[in-house]
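Peer 1: below are the sequence and a predicted model for it; my questions follow.
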Amino acid sequence: MTTKGGLNLPSLHGFQPIATFLVEEWEKNPAQVVLYVVLALVAVYVGKFGFALPFNKKKKEKKLPEGLVKERVAAFKPEPLCPPMNKIALLAVTDPVVLESNASKYAKIRGRKEKVLNLATMDFLGFGQREEQHEAALQALNKYGCGSCGPRGFYGTIDVHLFLEEALAKYFGVEECIVYSDTGSTVSSILPAFSNKSDLLVVDEGCNDSVMTGVNLSRSRVIYFKHNDLNDLERVLKQVQAEDKETGRGPQRRFIVIEGLYRNYGDIAPLPEIVALKKKYKWRLFADESLSLGALGDTGRGLTEYFGIPLDSIELLAGSLSTTFASIGGFCIGSGTVVSHQRLSGAGYCFSAASPPFVSTAAMATLELLEKEGKGKLHVLRKRSQFLQKKLAELGEGLLSTESSSLSPICHVRLAPKYRSVNSRKDAFDVDARFKEEQILSSIVRLTQAEGVLIVCARYSLEDNANAHGPPVPPPSMKVIVTSSHEESEIENAVKIIVKATKFVLK
């Protein structure tokens, strides 16, 4: 067979076997041979012309007149990378407190020659100022260097990371522990590891921003209950139970989400009643004990020890290494299953660089101090916390109030109700009302610092999409934090200075 151009097809390499194959197949199944030929032709066409169809001709683009183009370019205004700050945000960033020394009991702040009494640190037991911890960190720095050079799951795990996890698990009496390198991302990694868009979270609306970030990242359905309101919590659980009966909903992971000691309020979760409710309605419990571990309980083991409840009553329990442990990072303790799952699903563990070895070593040194001296120091801390509340009540002259627990080392001090401009959930989102009260508190804080006492205002962001159905912004307050290192005379003098500054601002 010879083509029009004189090409002898049978002489082409491989033509004969293909022709033989097609003839044989034609005798068996002609339709299949036709399909082969069509596919071959399509392949040739695509190879030459691509996927463009013959009739799909490109339309001619119409060009805009040059004058119109210039006019539109001149009128274009790009969206800002960040939304403009309101006056509350400006108040926070234009009046920062800058430490020029370590955060010891007396600290140096920018703008003042003399040191001030530090009532702003969360080093509750003062272990961050101990020479034993500093020496342990220095030795680790000399041995391992500074960084860990990678995430834990790849090449960032160093023996001290494992030692710390073992030590924490042993101290709290659990099977295993997992350590995260960043304090803030600990809680926000744990929740999304166990709850996704098909699951349900019932969250205390007073939880801190790390918890709320984890709630948002989980993409779960979220229902908020009023802060520390057991009646409202049971109302929500009953509502979900009624929905289940009505819709015939199948199995679903469900967590009640709380804090042990609430960062934004300084009060304590009623754990026995919450555990009873979660058992009654068959839910799981997540507790962020970042502040309560090392601050509550006879030996610092947190809310479960304080209430005498077994630790395994809480399915997911998170803690922080940046408060009593005077280091950096966080951890989650529990069963081997809970911990192992996070090693593959906890974003902060999988994708963040592991803790520097000296940071983990410092935490281990603090844990040793907590085991040796914790009981005595925790007793002193409780007495100092109660003494602060007592003196605020005695010396406040009706100007100040607090709803924080007397057992909490963190005390949120507010203006008395008659001096407030934020008195309701709606007021909390009112920029003008909030600014008025926060401006007063900022003035009190500045005067207090000028008199030698360091306290700070609690700061919160007002999101543009805040509404009546989401969690409320905590009310404006000043944070006063005591530690076991403070003497009663120092606390009493500090309260007098705060009250004096308040009287001056409100006059």
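Peer 2: That came through, no problem. Numbers count the residues shown, from 1 in each chain.

Peer 1: give the burial count for residue 31, as a bare number.
Peer 2: 8 (other C-beta atoms under 10 Å). The way it works is simple: take the backbone N, C-alpha and C, and place the C-beta from them, glycine included.

Peer 1: meant to ask about residue 261
Peer 2: The burial count for residue 261: 27, using other C-beta under 10 Å.

Peer 1: list phi and psi for it.
Peer 2: phi -120, psi 120 (degrees, to the nearest 10).

Peer 1: kindly report the same for the one 10 residues further on.
Peer 2: Taking degrees, to the nearest 10, you get phi -60, psi -50 for the backbone angles of residue 271.

Peer 1: what do you get for residue 399?
Peer 2: phi -90, psi -30.

Peer 1: grab the nearest non-local neighbour of it.
Peer 2: residue 502 (4.8 Å; C-beta to C-beta, 6 or more residues apart in numbering).

Peer 1: tell me the secondary structure at that neighbour.
Peer 2: helix (DSSP: H, G, I helix; E, B strand; the rest coil).

Peer 1: burial check on it, number of neighbours?
Peer 2: Close neighbours of residue 502, defined as other C-beta under 10 Å, add up to 25.

Peer 1: now the one 3 residues further on
Peer 2: Residues lying near residue 505 (other C-beta under 10 Å) number 19.

Peer 1: pretty sure it sits against residue 444.
Peer 2: Yes - using C-beta atoms under 8 Å, residue 505 makes contact with residue 444 at a distance of 5.3 Å.

Peer 1: for residue 197, grab phi and psi.
Peer 2: Torsion angles, degrees, to the nearest 10, at residue 197: phi -60, psi -20.

Peer 1: roughly how far does it sit from residue 216?
Peer 2: For residue 197, the distance to residue 216 equals 12 Å [C-beta to C-beta, to the nearest Å].

Peer 1: tell me where the stretch 301-450 of the chain has helices.
Peer 2: 303-307, 336-345, 347-351, 357-395, 425-428, 431-450 (DSSP state H, counting those that start in this stretch).

Peer 1: could you tell me how many residues sit around residue 131?
Peer 2: 7.

Peer 1: how close does it sit to residue 138?
Peer 2: From residue 131 over to residue 138 (counting by C-beta to C-beta), the distance is 10 Å.

Peer 1: what does residue 311 give?
Peer 2: Residue 311 is 34 Å from residue 138, by C-beta to C-beta.

Peer 1: more crowded one of those two?
Peer 2: residue 311 (16 against 13).

Peer 1: and stretch 133-141, what's buried?
Peer 2: 133, 136, 137, 140, 141 (16 or more other C-beta atoms under 10 Å).

Peer 1: ok, back up a step: identify whichever of the helices of the stretch 301-450 of the chain lies nearest to residue 190.
Peer 2: helix 336-345 (6.7 Å; C-beta to C-beta).

Peer 1: so what secondary structure elements neighbour the closest one?
Peer 2: Helices and strands touching helix 336-345, by 3 or more C-beta pairs under 8 Å, 6 or more residues apart in numbering; DSSP states H and E, are strand 176-180, helix 183-194, strand 330-334, helix 347-351.

Peer 1: if we can go back for a sec, residue 180: which of the helices of the stretch 301-450 of the chain is closest?
Peer 2: Of all those, helix 347-351 sits nearest to residue 180, with 4.8 Å by C-beta to C-beta.

Peer 1: ok so, going back, take the helices and strands packed on helix 336-345 and write them to CSV, including distance to residue 166 and mean neighbour count.
Peer 2: Below are those laid out as CSV (distance: least, C-beta to C-beta, whole Å; neighbours: other C-beta atoms under 10 Å):
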stretch, distance to residue 166, mean neighbour count
strand 176-180, 8, 23
helix 183-194, 18, 24
strand 330-334, 12, 25
helix 347-351, 17, 19
